[in-house]
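In: Sequence and predicted structure are below.
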Amino acid sequence: MKKFLIAICLFLALSSHSQRLGQITFSGGADLSYFTFITDQNVLIRVSPDGKIIGWGIEVMSDRASDYYSPKLQPFMGRVDNYGPEADSAFRGLVRNIGTCTLTYYGPYEVESKRGKLKSVGSLYLDYYDEFGNAMQKGKFRFIGSQIVEWYASYEEETVRGKLKSIANMPITYYTIFDDKYVRGKIKSVGTVSYQWYTSYDQYGGGLKSGSYRRNINGITFIVQ
């Protein structure tokens, strides 16, 4: 009996910490598309920078190329529940459970910039910038668990305004207006990892010149599509 109770406690302790931020995806190597959370059942939940669920499913590796995954998720065949008519109006009809992962949302009495947005993914708590901050970060993620999220402000160089500036103490830089037209606004570095792109002087202008479209940096997979 004692061993059984220990096993149950261990399972609960592990499962309560199983949801995590797994991926950050950029469109064209420049604009942030979504954050991806991974559940204990390896279900990917894609969420916009302002806390709206975009979709969920299972990531599948391509048969043709090593380390290439289809951008389109395969449907999750497990149980998915929504909040019913008895729920608060701020999140009525929204997804409540995806498999074993429970999702919660901010209610109608929160500040306007948080209402109806995703509040937690399992045990992972989410918070957002309110309307009293810089306009470029209003309503966007401020914390993902204990990881602070920062955004470039409206007074900064025009090609970086509103872009993701740092996460989990990893600074993110971009090529600016002073760079070649094919690389302006694209990611230049994440932490100590650099990205180089072909310029207008190259045959493949705008394409990634060195490195990988998919990089694991400090436990988060950064994807440029």
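Out: Nice, thanks for sending it over.
In: what residue ranges in the protein score low on pLDDT?
Out: Residues of the chain meeting the criterion pLDDT under 70: 1-17, 63-67.
In: burial of G162, as a residue count?
Out: 19 (other Cβ atoms under 10 Å). C-beta coordinates here come from the backbone N, C-alpha and C atoms, glycine included.
In: And it, its phi and psi?
Out: For G162, the backbone dihedrals are phi 80, psi -10 (criterion: degrees, to the nearest 10).
In: residue nearest the centroid of the protein?
Out: By Cα atoms, centre = their mean, the chain has its centre lying nearest to F35, at 1.1 Å.
In: partner residues bridging it?
Out: F35 forms beta bridges with I24, V47, as assigned by DSSP bridges.
In: Contact partners for it?
Out: Residues near F35 by Cβ atoms under 8 Å, 6 or more residues apart in numbering: 21, 23-25, 46-49, 141, 144.
In: how about a cut-off of 10 Å?
Out: 21-25, 45-49, 51, 54, 121, 126, 141, 144, 149, 164, 167, 220 (Cβ atoms under 10 Å, 6 or more residues apart in numbering).
In: Any of those buried? List them.
Out: Buried subset of the contacts of F35 (neighbour count, 16 or more other Cβ atoms under 10 Å): 21-25, 45-49, 51, 121, 126, 141, 144, 149, 164, 167, 220.
In: can you give me the offset of stretch 22-29 from its chain's centre?
Out: How far stretch 22-29 lies from its chain's middle: 8 Å, per Cα atoms, centre = their mean, to the nearest Å.
In: CA atoms only: put that stretch into PDB for me.
Out: What follows is stretch 22-29 as a C-alpha-only set of coordinates in PDB (Å, rounded to 0.1, in the frame of the first residue of the first chain):
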ATOM      1  CA  GLY A  22       8.300  23.900 -26.400                       C
ATOM      2  CA  GLN A  23       8.500  26.000 -29.600                       C
ATOM      3  CA  ILE A  24       8.400  29.600 -31.000                       C
ATOM      4  CA  THR A  25       7.600  29.900 -34.700                       C
ATOM      5  CA  PHE A  26       8.300  32.800 -37.000                       C
ATOM      6  CA  SER A  27       6.800  33.400 -40.400                       C
ATOM      7  CA  GLY A  28       9.400  34.200 -43.100                       C
ATOM      8  CA  GLY A  29      12.000  34.300 -40.400                       C
END
